[in-house]
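Visitor: below is the sequence, then the predicted model.
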Amino acid sequence: MFFADLGGFHRIIFRFIAFLLIVNAFGAEDSGKHWSFVSPKVYSVPKVKTEAWVKNEIDNFILADLEDSDITPAKEAEPAQLIRRIYYDLIGLPPSPEKVEEFLKDHSPETFTRIVNNLLDSPQYGERWGRHWLDVARYGDSNGGDENHAYPHAWRYRNYVIDAFNSDLPYNEFIIEQLAGDLLESNSNERQRRVTATGFLAIGTKILAEKDGVKKRADIIDEQIDTMSRSFMGISVSCARCHDHKFDPIPTVDYYALAGIFHSTKIEDQSLSKPEDEQREAKKKARLELIKDQLDDLEGKFSEFVDEESIVQWEAEKFVRGNVSIIQGNNDNEATYISDPGSQENFVEYEIKIQTEGTYSVDFRYAAERSRPGSLIIDGDKGKMIPVLADVTGGWSSEYQRWNHETYVHLNSGEHVFRVESKPLMSHLDRIRLTRVRSPDQVKSLRLRIDNLKDERAGIQTDKNNTYKVMAVQDGDVADTNINLRGDPHEKGELVPRGFLSRVSPRNVLACDDGSSGRLELAKWMTLPDHPLTARVIVNRIWYWHFGKGIVSTVDDFGTTGAEPSHPELLDYLVNDFIRNGWSIKMLHRKIMFSNTYQMGADNSNSLAEKKDPGNSLYWHRDVRRLEAESFRDSVLMVSGNLNMDPPASPLVVKSQDPSPSDLLKNRQSYENYQYRSVYLPVVRSHLYDLLTLLGFPNATTTVGQRSQTTVPTQALLMMNNPFLIGQAQSLALRIGEGKVRELYLTLFSRVPNSEEMHWISHFVDKHSKISGKKKAWESLCHTLLISNEFLHVW
Amino acid sequence: MSFSMSGNFISRREALNRICVGFGGIALNSILQENSSADSGIHFPHQIARAKRIIFLFMHGGPSHVDLFDYKPKLYSEHGKPLPFPERSVQFAARGNIFAPPWKFRQVGQCGHWMSELWEHLPEVADDLCMINSLCETNVSHGGACMKLHTGDEALLRPSMGSWVSYGLGTENRNLPAFVTICPTSLHGGVNNFGSAFLPAQHQGVPLGTPGYPNTPAKDAQFHYMRHPSAGRREQELQIELLRKLHGSNNFGGTDLDARMSSFELAFRMQMTAPEATNLSNESKITRELYGMDGSETDNFARQCILARRLAERGVRFIQVSHANSLPFNNEQWDQHSHLEKGHSINVKQIDKPITGLIKDLKARGLLEDTLVIWGGEFGRTPTSQKGNGEVGRDHHPDGFTMWMAGGGVRSGIRYGATDEFGYHAIEDRMTIHDLHATILHMLGLDHTRLTFNSNGREFRLTDVHGEIAHKIMG
């Protein structure tokens, strides 16, 4: 018989072909399409022989294939391995020795469930899984590329991601918020979160020094399109910038349909107020309006008390004596003013003729970003130096020129000499005005009221403590865009209406006639339940982060050049389940972790299975996994007693632009002294922390769903000689106490040492002590175990 | 219907798998048989190699071709007049009129290469140089142009050419990295200029000295983490021995864990090899004098050049030497927007003798025939002066500029390509940066259209979809 002749492996291929035939049978418009461009289908859960092995539906799919290949799966993991596995998997930290011992005593399924739920509820979960997403979102705290300016507000987006995972924000909403959070109808709290979410589109690498503005904009938009399409849909659209995609059904027209949406969007930091101060904000706004009305009213009253006829006014540069510089305005609208030519004792003198004796208000018009107080001396009376020019108007340039009332003086009719002094620097003085006051007392009280109101206004305006900035996007000038011929932004082709990928899903019409960019419509299209890519891509990512390999092994490439799914029916089953559960990622974790497939041991000694499936693509045992860079650093700090588990209140700031070697040294010291979890370390593109990058931390420039894992001698050199690790080993040695090998093993490896290991270790300590003394030998042992394979891997 | 076995069947070797996609089965087998620890890459040339290694002398800031190598009599006769054609539309700074070089030119060597009188020593090796006067089509800003020169792209972060060479050819010395960059700068792309981007991390350039601004003086340049802060060799031997025993007792390991263990052994050996490679104390007096070591102006670059030769001798594939310090009156070494005369005089003084010494020394040791030496910056400088700025200087010029090569199978004593009579546009045998890359790879025996890497479903090349090999410059 044909079927009987097929080995297990070939039967799996056959089933895959059958899957493709089923997929293609759905609807004529789908025929011939690549599997991932056709919506997920509903499959029945396969039957298996060994039903006792099945804990949930995942196991049916996995075991069915294993049984087809006559492979027996490995036994369940040892409790000590299992608890270490779920701790690292969910929170990226090892269990304490107490937790391990507890679990060894009671590892019933109920206890296992309870621990998983507790870990999912702990704030450390979001710090671990949010970081996974930050890889995908190419999160960074500087622009990377050429000049590497800091992104001082990017960390708000990072915290948003951590919070989103902790609160199990439905994944479809998570996408919509990141693409178009600013366009959603929101209450004020939601608005904080959703505007912050759009940082996703703003934090990419940019070449800020590009002199060609048109190209610069096109490059930034290309980066946005690339990140969005890879991260959410697992496909690369960017090739279509220059030509129709060679392999995937993405014509150039579609690229520019998307580009139109982002051309209609601008990147701009936005000010948000802290949620708790919402009411205060409203009160302040009302108060400011009231002050404005009162000021208008009071200023109006002035005319009643002053003699408009008497006004004497002159340009500051019309002095008769002086040593200041005259600075010409650039055009008719800009004031010509005087200021210091450099640090000196500045002075100017004016000769003024007064017609009517009386009390005069003295007003100066000037601009000052910082206070440069000076004095007014009238008729050489040095005993009466009147303080002037001390106010701050907000800036040095022409638009900050303001009239400031300086003083009242009594002047007789006739000639007077006004002398203004200021040293060493001088405000930008434009004009001086004298106005006779008919009723000095009333004017003075009016002036006092005005001054008080102005002070209050300034106080309210400068109170920025309850606002903060985020990197964000908003709609700009909304318009369709032209095709750029061969990708050259200066060569315009036909105009393309904004839209989505026309060949990926049947529903492709963009309806945004309300004059908005179309981002919201894009986000909604992407999160349609029958969108063929979006849910599959995230379910596969989550699976990958649990197992170290995806059902589709190319997690960022679901296009025709990517890999086919190893278990296509399982993937679609999980996708349907995920959508049914309201796109809940935590529910998906539970589904996966409660399966026997997940709880299997790492025993790979089944030689028959090894022969049939050496790559373990059928999941007949658990793959050993190396710790990610952050888990390694956090664990080292934790076992050494130096980890602060709280989130930091403010971000760590390091130098990103043009750092000198001593800046880099300072940055390193900042990193090494930082006791918070690694997710809170700044991600300075181009100058990443080498402890992390050498262990596979991504370079934060493009979507990375799958970190590269390499083994190179530079890593080993770091492990052997890095002073930070050696220092942590010393803390660890001190914390555990000399000679307590059992405690050391429980802390680092969640198990006790066997007799052979005890023997090797005492041999090591003995020999080492002879060279360096006992204390150093014990520290050196701690260091050796910290860099050992067992500490760095999870079974 | 196509069916791809794709990743899952060798997923334990995920990194290797990803490398193999571009090369089909041949490379796959050869790599899987190798120990995966230190190597993943191709390790065989596509065709006959003219050179085995590269020394790239990178002149940061943009040396002025019209003042150094590209002689244009018109600049003297038309001095002070406007250019007879419009300047490029996207400029870095506003430009003035034609400005004559402050130096005279003369022909040097048997071949008669044009060099300005600034060069005192280089004429001695003129007949070894292949002068390329027609570089063009790069970005007008430092950042874009530096990244284009180093990685082939001016905006997106791509693997450096040294990383591609390491990936294509591997290293000849397993105790040293395949790609070393000596005293790199952190400006204008910084580490991206020697980064491996999506290529596996071992192909990243390893800096000698901290990439900073200013960069590390050559006398302090060291590889990182080569020494334990306190423990000696015997203690570390004990550590390695214990690691080996503990590793051996692990039940379910796999090749990754084995590889990690052997990387410790390799690292331990590297700790002895690498410091020896960078130690100049045994260089003879004659050598030191040849390069200008101990001369106050030439010492720093002389040390860099000697380090380059020592690494070349030890089988490092790609060695970059950066002339990338700052001058008191300009930010970047060769970036003379002002003070052209003063700046270029200092700069040439600093490198002239060391570079001449390097070429002579490589030749004397028989290394020049399979070492390709490349000299150049990210762009040239305008034949016009830059407006303003007191002491006259020139703006960035990406439309026609000069590099030269020596050794490694290149035709010596010839000139390739030319700019117009003002030194503005490259008009003859134009060589874009992609063409330069294609040509360099070709000399190393690598076909730039076949040296590919699949990242996220897309095949990448150093030359993107471009690159014409300049066959005329090869002997």
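Guide: Received the coordinates, thanks. Numbers count the residues shown, from 1 in each chain, chains lettered A, B, ... in the order given.

Visitor: in the stretch 351-500 of chain A, what residue is nearest chain B?
Guide: Sorted by distance to chain B under C-beta to the nearest C-beta, the residues of the stretch 351-500 of chain A start with residue A:490, at 9.3 Å. The C-beta positions use only the backbone N, C-alpha and C, and glycine is treated the same way.

Visitor: so what's that residue up against?
Guide: Taking C-beta atoms under 8 Å, 6 or more residues apart in numbering or on different chains, we find residue A:490 in contact with A:214, A:215, A:484.

Visitor: which of those has the most neighbours?
Guide: Counting neighbours by other C-beta atoms under 10 Å in any protein chain shown, residue A:484 comes out on top of the contacts of residue A:490 with 22 neighbours.

Visitor: and that one, what are its phi and psi?
Guide: phi -100, psi 110 (degrees, to the nearest 10).

Visitor: rewinding a little: closest one of the contacts of residue A:490 to residue B:57?
Guide: Nearest to residue B:57 among the contacts of residue A:490 is residue A:215, at 30.0 Å by C-beta to C-beta.

Visitor: if I look at that closest one, what pLDDT would I see?
Guide: Per-residue pLDDT puts residue A:215 at 85.

Visitor: for residue A:582, same thing?
Guide: The model reports residue A:582 with a pLDDT of 96.

Visitor: my read is residue A:224 is in a strand, agree?
Guide: No: Residue A:224 sits outside any strand when classified using DSSP: H, G, I helix; E, B strand; the rest coil, being helix.

Visitor: now do the contacts for it.
Guide: A:201, A:204, A:262.

Visitor: which ones among those residues map onto helices?
Guide: The helices, defined by DSSP state H, take in A:201, A:262 from the contacts of residue A:224.

Visitor: so who does residue 273 touch?
Guide: All of this is about chain A. Counting by C-beta under 8 Å, 6+ apart, residue A:273 makes contact with A:281, A:466, A:467, A:468.

Visitor: you answered for a different chain; I wanted chain B.
Guide: Neighbour list for residue B:273: B:173, B:175, B:176, B:314 [criterion: C-beta under 8 Å, 6+ apart].

Visitor: so can I have TSV of those showing neighbour count, distance to chain A and secondary structure?
Guide: Formatted as TSV, those follow (neighbours: other C-beta atoms under 10 Å in any protein chain shown; distance: C-beta to the nearest C-beta, whole Å; DSSP: H, G, I helix; E, B strand; the rest coil):
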residue	neighbour count	distance to chain A	secondary structure
B:173	16	12	coil
B:175	19	8	coil
B:176	22	10	coil
B:314	17	15	coil
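
Visitor: so for stretch A:668-676, what gets flagged as buried?
Guide: Neighbour-count burial for stretch A:668-676 flags A:668, A:670, A:671, A:672, A:674, A:676 (criterion: 16 or more other C-beta atoms under 10 Å in any protein chain shown).

Visitor: related to what we said a few turns ago, okay if I get the contacts of residue A:490 as JSON lines plus distance to residue B:420?
Guide: Shown next, in JSON lines, are the contacts of residue A:490 (distance: C-beta to C-beta, whole Å):
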{"residue": "A:214", "distance to residue B:420": "27"}
{"residue": "A:215", "distance to residue B:420": "25"}
{"residue": "A:484", "distance to residue B:420": "29"}
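
Visitor: does the helix or strand containing residue A:65 come close to chain B?
Guide: In this assignment (DSSP states H and E), residue A:65 forms part of helix A:57-68. No: Helix A:57-68 is not in contact with chain B by C-beta under 8 Å from any C-beta of the partner chain; minimum separation 11.8 Å.

Visitor: and that helix, what does it pack against?
Guide: For helix A:57-68, the packing partners by 3 or more C-beta pairs under 8 Å, 6 or more residues apart in numbering or on different chains; DSSP states H and E come out as helix A:8-25, helix A:568-580, helix A:596-599.

Visitor: average pLDDT across the shortest one?
Guide: Right, the one you point to is helix A:596-599. 97.

Visitor: which is the next helix or strand following it?
Guide: Per DSSP H and E, the first helix or strand lying C-terminal to helix A:596-599 is helix A:607-612.

Visitor: how about that next one: buried residues?
Guide: A:609, A:612.

Visitor: what count of nearby residues applies to residue 225?
Guide: I went with chain A, as the question did not name one. 21.

Visitor: that's the other chain; I wanted chain B
Guide: Residues lying near residue B:225 (other C-beta under 10 Å) number 21.

Visitor: tell me who's in contact with it.
Guide: A:714, A:717, A:718, A:720, A:721, A:722.

Visitor: looking at this, it is in a strand?
Guide: No: assignment of residue B:225 by three-state DSSP gives coil, placing it outside any strand.

Visitor: is stretch B:426-443 in proximity to chain A?
Guide: No: counting by C-beta under 8 Å from any C-beta, no contacts exist between stretch B:426-443 and chain A, the nearest distance being 14.3 Å.

Visitor: buried ones in that stretch?
Guide: Using 16+ other C-beta under 10 Å as the test for burial, stretch B:426-443 gives B:426, B:429-443.

Visitor: stretch B:257-271 too?
Guide: So, applying 16+ other C-beta under 10 Å, buried residues of stretch B:257-271: B:257-264, B:266-268, B:270-271.

Visitor: show me the shaky parts of chain B.
Guide: B:1-45, B:212-213, B:250-255, B:326, B:328-331, B:388-390, B:456-457 (pLDDT under 70).
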